[in-house]
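Chemist: 3D model of this:
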Amino acid sequence: MARRATVDLPGVRLAYLEIGSPGRPPVLLLHGGAAHAHWFDAILEPLAARFHVVALDQRGHGESRWTVPPAYATEDFSGDLVTVLDRLGWPRASLVGHSMGGHNALAFAAWHPERTRSLVVVDTRPAIPPERLTRMRERGQRPRRVYPTLEVAVASFHLLPPDTVADPALLAHLARSAFVGRDGGFALRFDPACYTERRPVDLWPLVPGVEAPALVIRGERSPVLPRDVAERLGQALPAGRLVEIAGAHHHVPLDRPVEMAAALLEFLAEAPSSR
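Modeler: From the prediction side, this is the model:
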């Protein structure tokens, strides 16, 4: 069973889930935007059988603190990972990131090759299209919703993009983990400034410099990572390959956790074993 812990960084406290025995090869899991560490709950146990796994609530998400003033550039997220690895005593780690987490993992691998054992980018692209970034910032400016009860909050929960074939029980579990008591009701554990103040880097120029073995995972039905872009990314990574998960939409860890875990186990087992 995963253990909940926190780590204090300059200006922010981060929360994380930890599972697996220390001493095994370390793996750091990074969720997508407006999500949280429990997005990986369905794959934690399979990975923990062979790895020491940490699923991080990134700044502004889940049980981690919001930054004041808001600091949600790619450099901020990546800088957090350096300190997290230091505090965990991990000289190097394999990084697995979904969506926004994949973007941050890719940046980390490019900027910190000496700390990256291997890299898995799950259904994300190196650069966010301008129109998508505009919609993101518009969402962040909407009035914050506070629901009168947890039940009403859970009933409102939905994915973005909405298409999914995930187990309804898993979605219900995620929904209950997504809300916290606030302002006399229940609100998402998510800082809206993560949308309004998001400052993503265009990573395409950095991709050819990624030294670590890399796996690109795409959901077959994903609108976020078109197949041609996934193929381009896999080919641009010097030690990259592409795997497509049949039947999955964008939320691959939810839609096809068994298949994703199998792909991760096969790939991570091949990575250099030194820590």
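Chemist: Name the residues of the host helix or strand of residue 80 that are buried.
Modeler: Per DSSP states H and E: residue 80 is located in helix 74-88. Burial within helix 74-88, assessed by neighbour count using 16 or more other CB atoms under 10 Å, is assigned to 74, 76-81, 84-85, 88. All C-beta atoms are positioned from the backbone trio N, CA, C, and that covers glycine.
Chemist: Closest to residue 48 out of those?
Modeler: Using CB to CB, residue 88 is the member of these that lies nearest residue 48, at 15.1 Å.
Chemist: Would you mind measuring from that closest one to residue 14?
Modeler: 11 Å (CB to CB, to the nearest Å).
Chemist: cool, residue 128 as well?
Modeler: Taking CB to CB, one finds residue 128 at 23 Å from residue 14.
Chemist: Between those two, which is the more surrounded one?
Modeler: residue 14 (24 against 19; other CB atoms under 10 Å).
Chemist: In contact with the residue nearest the centre of the chain, which residues?
Modeler: Relative to the mean C-alpha position of the chain, the nearest C-alpha, by CA atoms, centre = their mean, is the one of residue 31, at 2.1 Å. Residue 31 sits next to 37, 39-40, 55-58, 61-62, 98-101 when contact means CB atoms under 8 Å, 6 or more residues apart in numbering.
Chemist: Likewise for residue 37?
Modeler: 15-17, 29, 31, 55-57, 62.
Chemist: Leaving out sequence neighbours, find the closest residue to residue 41.
Modeler: Excluding its sequence neighbours, the residue lying closest to residue 41 (CB to CB, 6 or more residues apart in numbering) is residue 173, at 6.9 Å.
Chemist: Give the helix, strand or coil label for that neighbour.
Modeler: helix (DSSP: H, G, I helix; E, B strand; the rest coil).
Chemist: And for it, the neighbour number?
Modeler: 15.
Chemist: how close does it sit to residue 184?
Modeler: Residue 173 sits at a distance of 25 Å from residue 184 (criterion: CB to CB).
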